[in-house]
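*Asks:* Take a look and give me a structure for this.
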Amino acid sequence: MTAEHGGAGRRPDECPEALVIGAGPAGLMAAEALSGAGRRVVLAEAKPSPGRKFLMAGKSGLNLTRNEPPAGFAACYRAPWLGPMLAAFGPAEVMAWARGLGQEVFTGTSGRVFPVAIKGSPLLRAWLARLAGQGVELRPRWRWQGFADDPCGDLWRFDTPGGPQRLLPAVTVLALGGASWQRLGSDGAWVPWLAGHGVAMAPWQPANMGLAVAWSPRMAQHFGQPVKGVALIAGGRRERGEFVVSARGIEGGGVYAVSRAVREGAGLWLDLAPDLDPGALAARLARARPGDSVTNRLRKAGLSPVAIALAQEFGRPLPEAAALAARLKALPVRHAGPRPLDEAISVAGGVAASGLGPGLELLALPSSFACGEMLDWEAPTGGYLLTGCLATGRWAGRAAAGLDPAG
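*Replies:* Numbering: from 1, shown residues only. Predicted coordinates:
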């Protein structure tokens, strides 16, 4: 706090040695790095409990990272500047870190890495216990409300169960999340406060998101059904994957893999028979009896009921013979664009790289750092998102502690 901005009206309620705002994986990792360096850490979390999105991500199996070579792993991020952070804390380090918390991991057939316990709750409990042992003070229901009428950005204002509080920390690490899944804490409400202090921002965009489709009534019977054994084609990419037909459209890993290309304007096609070339598929279709309906012809060619429904939904009028095979190999998907931002698995946008120093410090706010999904980076699902949060949280926490972040 500088002398020209002093005075009783600006007197803080508390001056913690280190303040971390946000108790998701990035914030928890920043708190671990700071407390491990001997700093007394106050960890403020707006929700009643920490790690809510972390636990939701692990509901059907916590995908920690992906067991693949570092160079290939880092290449999957749409942010080359993350390279040093992922080199310092990539897949091997994430696996060792989980084991250090007593949580053994295994690699699935796809290369994805999971805790043996599968769920995220055992790992989170062990992590919180270690942080408490290192002196980290978790303060739930502490919602950051911007700066306390402070042009210098020194005083951090909170709404707390005990009433308004103003903190003047020596260093601050922000791990405020992105702008999707608001009910879990990532609401993007912090953007005007940082932008108002000159922090460079990039606009939010949905990432790893579903696509809206205005279905005809006949598709209702297929809502909730998975579409398997297909390939999705967009923007020069061809991805094998599954997705689900829902009342709102299509969503799931296969769609997420091509969602960035679609968001940027590429068309989307489905190959409903990716294991057959057009000639082989045409031969199967030709084996149908003369009186067979189109549905029976598609069924005999090996398509599932939901794939047949998609062919009829997007391919009408369905052509005959070889032309039908070509249509099934490149079925155009008519959609209305991405589902709303809050439904996206992750986001692009947030604090721009141009507003960050090498330690993830905010150039416009001295002694303040940022990490996790609030930064403008984008990655696919499959362990990349969580590793990116952990790596940036560790990097920012070490830098805030005055340590070499790459160490």
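*Asks:* going forward, measure contacts between C-alpha atoms and count neighbours the same way
*Replies:* OK.
*Asks:* what about Gly198, distance to Arg166?
*Replies:* The spacing between Gly198 and Arg166, counted by CA to CA, to the nearest Å, is 21 Å.
*Asks:* Repeat that for Gln312.
*Replies:* With distances taken as CA to CA, Gln312 is found 61 Å from Arg166.
*Asks:* more crowded one of these two?
*Replies:* Arg166 (22 against 18; other CA atoms under 10 Å).
*Asks:* before we move on, which element is the more buried one in?
*Replies:* Element membership of Arg166 [criterion: DSSP states H and E] is strand 163-167.
*Asks:* Report all helices and strands that that strand contacts.
*Replies:* For strand 163-167, the contact count by 3 or more CA pairs under 8 Å, 6 or more residues apart in numbering; DSSP states H and E identifies strand 156-160 as packing neighbours.
*Asks:* switch the cut-off to 10 Å
*Replies:* Using 3 or more CA pairs under 10 Å, 6 or more residues apart in numbering; DSSP states H and E as the contact definition, the elements that strand 163-167 packs against are strand 143-147, strand 156-160.
*Asks:* can I get those strands in CSV with mean neighbour count, distance to Glu32 and mean pLDDT?
*Replies:* Compiled in CSV, those are given as follows (neighbours: other CA atoms under 10 Å; distance: least, CA to CA, whole Å; pLDDT from 0 to 100):
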stretch, mean neighbour count, distance to Glu32, mean pLDDT
strand 143-147, 20, 21, 96
strand 156-160, 19, 21, 97
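*Asks:* could you redo the ones you listed as JSON lines and give each row distance to Ala282?
*Replies:* What follows is the helices and strands packed on strand 163-167, written out as JSON lines (distance: least, CA to CA, whole Å):
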{"stretch": "strand 143-147", "distance to Ala282": "61"}
{"stretch": "strand 156-160", "distance to Ala282": "66"}
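*Asks:* any idea how far Trp142 is from His222?
*Replies:* Following CA to CA, the distance that separates Trp142 from His222 is 44 Å.
*Asks:* again with Gly102
*Replies:* Counting by CA to CA, the gap from Gly102 to His222 is 43 Å.
*Asks:* These two: which has the busier surroundings?
*Replies:* A direct count of neighbours by other CA under 10 Å for Gly102 and His222 places His222 higher, at 18 against 14.
*Asks:* In contact with the more buried one, which residues are there?
*Replies:* Contact analysis of His222 by CA atoms under 10 Å, 6 or more residues apart in numbering lists Val244, Val245, Ser246, Ala247, Pro305, Val306, Ala307, Ala309, Leu310.
*Asks:* Can you pull the phi/psi pair for it?
*Replies:* phi -100, psi 0 (degrees, to the nearest 10).
*Asks:* now it: how far from Leu303?
*Replies:* When CA to CA is the yardstick, His222 and Leu303 sit 14 Å from each other.
*Asks:* Repeat that for Trp193.
*Replies:* With distances taken as CA to CA, Trp193 is found 53 Å from Leu303.
*Asks:* between those two, which one's more packed in?
*Replies:* When neighbours are counted by other CA under 10 Å, Leu303 comes out ahead of the other of Trp193 and Leu303, with 21 against 14.
*Asks:* State the next helix or strand along the chain beyond the strand holding Arg166.
*Replies:* Counting by DSSP H and E, the next helix or strand C-terminal to strand 163-167 is strand 171-174.
*Asks:* May I have that next one as CSV, with CA atoms only?
*Replies:* Taking C-alpha atoms only, strand 171-174 is exported to CSV below (Å, rounded to 0.1, in the frame of the first residue of the first chain):
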residue,chain,number,x,y,z
VAL,A,171,1.1,-11.5,-3.1
THR,A,172,-2.1,-12.8,-4.7
VAL,A,173,-2.8,-15.7,-7.1
LEU,A,174,-6.1,-15.7,-8.9
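*Asks:* And the contacts of that strand?
*Replies:* For strand 171-174, using CA under 10 Å, 6+ apart, the contacting residues are 15-23, 26-27, 30-31, 34, 41-44, 154, 156, 360-362, 365-372, 374, 393, 396-397, 399-401.
*Asks:* Just the buried subset of those, please.
*Replies:* Members of the contacts of strand 171-174 that pass the buried threshold by neighbour count (16 or more other CA atoms under 10 Å) are listed as 15-23, 26-27, 30-31, 34, 41-44, 154, 156, 360-362, 365, 367-372, 374, 393, 396-397, 399-401.
*Asks:* wait, what's in contact with the residue nearest the centre of the chain?
*Replies:* Within the chain, the residue whose C-alpha comes closest to the C-alpha centroid is Ser346; the distance, by CA atoms, centre = their mean, is 3.4 Å. Neighbour list for Ser346: 177-181, 205-209, 373, 377-381, 385 [criterion: CA under 10 Å, 6+ apart].
*Asks:* With Ser186 instead?
*Replies:* The contact partners of Ser186, by CA under 10 Å, 6+ apart, come to 22, 24, 46, 52-53, 175-180, 342, 373-374.
*Asks:* likewise Glu361?
*Replies:* Thr172, Val173, Leu174, Gly355, Ser367, Ser368, Phe369, Ala370, Cys371, Ala396, Ala399, Ala400.
*Asks:* If it is in a bridge, with which residues?
*Replies:* Legend: beta-bridge partners of Glu361 under DSSP bridges are Phe369.
*Asks:* pLDDT on the strand holding Arg166, on average?
*Replies:* Strand 163-167 comes out with an average pLDDT of 96.
*Asks:* and if you look at stretch 203-214?
*Replies:* If you average the pLDDT over stretch 203-214, you get 97.
*Asks:* Now the terminal residues of that stretch, how far apart.
*Replies:* With CA to CA as the measure, stretch 203-214 spans 27 Å from end to end.
*Asks:* By neighbour count, which bits of that stretch are buried? Give me those.
*Replies:* Result for stretch 203-214 [16+ other CA under 10 Å]: buried residues Trp204, Gln205, Pro206, Ala207, Asn208, Met209, Gly210, Leu211, Ala212, Val213.
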